Structure formats: C-alpha cells, structure tokens
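J.: Structure, please.
(one chain, ligands or ions: 1)
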Amino acid sequence: MAGASFSQSMFTDLCERMLRLCKLQHGESLVLLSQGQERVEYVDAFMTAGQRLGAKVMNLRLPYSSSATSGEVGVWTVGKTPLSGNQPAVDMLKGADMVVETLFMLFSDELTEIQQAGTRILTCIEPVDLLARLFPTEELKQRTDAAVEALSAASTLRFTNPAGTNVTYRIGYPVKAQYGYVDQPGQWDHWPSGGMVLTCGADDGIDGRVVVDKGDILLPFKQYVHEPIELTIEAGRITSIEGSGYQADLVKQYLADFGDPDAYGLSHIGWGLDERAKWAALGTDDRGHGMELRAFYGNVLFSTGPNDLVGGPNHTSCHLDIPMRNCSLWLDDRPIIVDGAVVVDAMRPQGAPLAV
Ligand SMILES: [Fe+2]
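T.: Numbering: from 1, shown residues only. Take a look at the predicted model:
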C-alpha cells in the first residue's frame, strides 16, 4: 500500500500524471533510485507508470546506508547519500534521460554531477496524500516563473518582520525555481515544491538581523517557534544566536554540534507561492520532509548552511530551513511581499485575497 488513503493503483495513476508533466517520452530511459527497503511502493508505482508511457525503466537499488532521509523523521543532514564513492552507480544515472530518486540527494556532489550530464532528476519522498494534494500545476509554474524573472533582475533582497528582522542580501548567485516537476534536461526538482523561488547571497554579502518569530517554523526540527530567536548576521555569517526560550539554545547547540565553521553560513533565500499549502499543517501532521511548510503562500524561506546548490563553496551538512510568516520583502526597492501578502499580481493566484 502506498499510504493510508491511497491504493497502489491510484498512486500509479498519480505517478503517470507526473511523468507526463515531466514530458517523459516513449523510448526514453527512466531510472528509479532507491536504498534498502525504503519506498519500495514508490519505485513500483513509477516503474509501472513509466512502462505505460513506453519508457525504458529500471530500478537502481543501493544498500541502505543512511537514517538521515526517512520521511517519517525528516532530514537531519544533507549532502551525504549512499551514492557517495559509488562511481559506477553515478555513471549509470548520468546515462539516463530521467531519474526519480527516493534518497534525498539535494546538496550532494553526485546530484550536481548527474545534472551536468543532462539527466533530469525528480526527488520524491513525501507521503502520498501530500503528493496528491499539492500536485504541481502549470499555473503555479507560471507564477513561479514571474518570481524568477523579478529575482533575477534584482541586485539586493531585503526582508523584515514585526519581530525586528531587517537583513539585506547582496545577491551573489543564480536564481533557482522549484515548482515540482522536471521537463528540461539537467533540471532538478522536488515533488511537491509548491512554487518556490530562491537564490543565495554573495559569500560576504549578507548583513543584518533575523528575528525568527513565534509561529515561524524550524526545519528539520518540525517545531513552531515559541519564543523569538535572534540571529546576528555579519558578512554572510551568523555571529550570534540569542533568545529567551529553549529553542534559541537548541539552534545554537545544533549548529555547534556539527563542529564545522561552515554551519554558520547562510543558504538559500526566497519565498513560497502555493496557496494550497498550509502553515498550520504541522499542527496535526508531522510526517514527511516538510515541503508543505516550505511552500505556503507568502512565506519567506530563510535558511542556513550550504550554498553549493547554486555553485557556492559551502558544503556543510548542517542545514536549517525556516519558513517565516508576516514578513515584508523587497527586491532592490520594489515590494514583493508586504506583511505576509504577495503584492505582485503575476505571482498571485487569480482572485487571491491580498492577505492569506
Ligand atoms: Fe533548504
């Protein structure tokens, strides 16, 4: 069974819809990458779906080597997968037209190498009911494209919130988008991603203060913040972490435990555009990797750690994603989000209220 409320045949139909969105063609090769006994039903569903479309399908199954990627407990470290050091496996994936991976390869060197060979790669690790509920749409992709255009034209990104955040990123890297499917050679995406645009600041080009407010979300901890956590950022590094609540200590200790100066770097910055994704979802459902929480409409997704996903030098395994509410965000002097509401028509769903 693929999930409590989904039969395997319904899941297979969903995977077929996904492969059609990814423009998988008759005769193309599709490799399903898995480890151990994990997500066998995902592999089976995609294998059947791929066969229906006339693709050449296979499953590359690696020994189970990581407890970091279980969908039930979240991702604890990034960039280390069972592919590390297994060049024949990497070469096989580089020879495929498309890969669906169930390991969580983001931030790994192998992901970059496989993309550079022209293979398109889709990550699929979330619970099946979430894959269905946040199924990607071309309409959301169009709104994401509008966000990419705006971010690509900007040289600075600044955001604030009522708790005292005021931080400026001098944009230093290419802009990336995630909308949940891959239809271009060399593309990577994560199903679901909910319409997300992101980039990274220049290595020494981020300064200010980020005050993570009550109700913002700490990932991978899967916790709503109870008391504000204040991060001081100087020249692209976190230089202090303060706060009266225990979660400030938790963040401080979590970063310190990596024993890695690069844990104090800053990772991607951007915002989410999916009005179907709910900020409150974590209140009743802590399964999965938390993509719904990263995607909700109007959140500013602030993150710490590696920037190698955009070509930067920081490869740390320590990565926090922190979706923040009620922020205002400017690209140069142009307002994009005001008090948590997206104010650019091309990024808003038709008929959306200004505040969600
Ligand atoms: Fe992230």
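J.: Tell me where the model's unsure across this structure.
T.: 1-5, 66-79, 351-356 (pLDDT under 70).
J.: Please, where are all the strands along the stretch 151-300 of the chain?
T.: Applying DSSP state E, counting those that start in this stretch to the stretch 151-300 of the chain gives strands spanning 156-160, 166-171, 176-178, 188-190, 196-199, 201-212, 217-218, 223-224, 229-234, 237-242, 266-272, 300-304.
J.: Output these as CSV; include the columns mean neighbour count and distance to residue 282.
T.: Every residue, glycine included, has its C-beta placed from N, CA and C. Output for the strands of the stretch 151-300 of the chain, formatted as CSV (neighbours: other Cβ atoms under 10 Å; distance: least, Cβ to Cβ, whole Å):
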stretch, mean neighbour count, distance to residue 282
strand 156-160, 19, 22
strand 166-171, 19, 24
strand 176-178, 22, 20
strand 188-190, 23, 18
strand 196-199, 25, 17
strand 201-212, 20, 15
strand 217-218, 22, 6
strand 223-224, 15, 7
strand 229-234, 20, 17
strand 237-242, 15, 22
strand 266-272, 26, 14
strand 300-304, 24, 15
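J.: do you know which of the ones you listed lies nearest residue 19?
T.: Nearest to residue 19, of all the strands of the stretch 151-300 of the chain, is strand 188-190, at 13.2 Å by Cβ to Cβ.
J.: partner strands of the closest one, parallel or antiparallel?
T.: Strand pairing for strand 188-190, determined by DSSP bridges: strand 120-123 (parallel).
J.: Might you report the residue contacts of the nearest residue to residue 48 once chain neighbours are set aside?
T.: Using Cβ to Cβ, 6 or more residues apart in numbering and skipping residues adjacent in sequence, the residue nearest residue 48 is residue 12, 4.9 Å away. Applying Cβ atoms under 8 Å, 6 or more residues apart in numbering, we find residue 12 in contact with 44-45, 48-49.
J.: In those, which residue is surrounded by the most others?
T.: Counting neighbours by other Cβ atoms under 10 Å, the top entry in the contacts of residue 12 is residue 45, with 27 neighbours.
J.: Distance-wise, check it relative to the ion.
T.: 26 Å (Cβ to the ion, to the nearest Å).
J.: Noted, bye for now.
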